[in-house]
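> model this:
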Amino acid sequence: MERYVVVCDIPADTERFEKVNAALEKSGTCTAVTDGTWLIATTLSSRELFLRLRMHSLAQDTLYLLGFEDAPEGFGPRRINQWLDTTEPTRLRVVGGTEHR
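Numbers count the residues shown, from 1 in each chain. Have a look, this model is predicted:
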């Protein structure tokens, strides 16, 4: 199982944002960190997950998947820390993103 940080700048009050959120929930164990930032553990490849999310964004949107191989350091809400504790530890690395054209 791979773990990713998903960063997306789609406005939270749009249908596109809801579709990205729904696609994440169907793709694995995920938790929202902030509006537009999620943590997800999935069996999908980075490319499969990226394409699943990308289909809901527009050319001007930003979408990045950041994979990690070691447990990150930080602090935050209990639900985030619990998610980190219950998924396999990993180290941050960029695995996919969009470009503005």
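
> Only C-alpha atoms from now on, for both contacts and neighbour counts.
OK.

> For Gly28, give me the backbone phi and psi.
Main-chain torsions, Gly28, degrees, to the nearest 10: phi 160, psi -170.

> Contacts only, for it.
Neighbouring residues of Gly28 by Cα atoms under 8 Å, 6 or more residues apart in numbering: 40-43.

> what's the closest of the residues you listed to Glu25?
Nearest to Glu25 among the contacts of Gly28: Ile40, at 8.5 Å, using Cα to Cα.

> My guess is the closest one contacts Thr29. True?
Yes. The pair Ile40 / Thr29 is scored as a contact, 5.5 Å apart, by Cα atoms under 8 Å.

> how near is the nearest residue to Thr87 once chain neighbours are set aside to Asp61?
Spatial nearest neighbour of Thr87, excluding adjacent residues (Cα to Cα, 6 or more residues apart in numbering): Ala41 at 6.9 Å. As judged by Cα to Cα, to the nearest Å, Ala41 and Asp61 stand 23 Å apart.

> Same check on Thr29?
24 Å.

> now Cys8
7 Å.

> For those two, indicate the residue with more neighbours.
Set Cys8 next to Asp61 and count neighbours by other Cα atoms under 10 Å: Cys8 wins out with 23 against 15.

> what comes up buried for whichever strand or helix holds Asn21?
Remark: Asn21 resides in helix 15-27, with elements defined by DSSP states H and E. The neighbour-count check on helix 15-27 (16 or more other Cα atoms under 10 Å) flags 16-17, 20-21, 24, 27 as buried.

> farthest-separated two in those?
Farthest pair in those, by Cα to Cα: Arg16 and Ser27, 16.4 Å.
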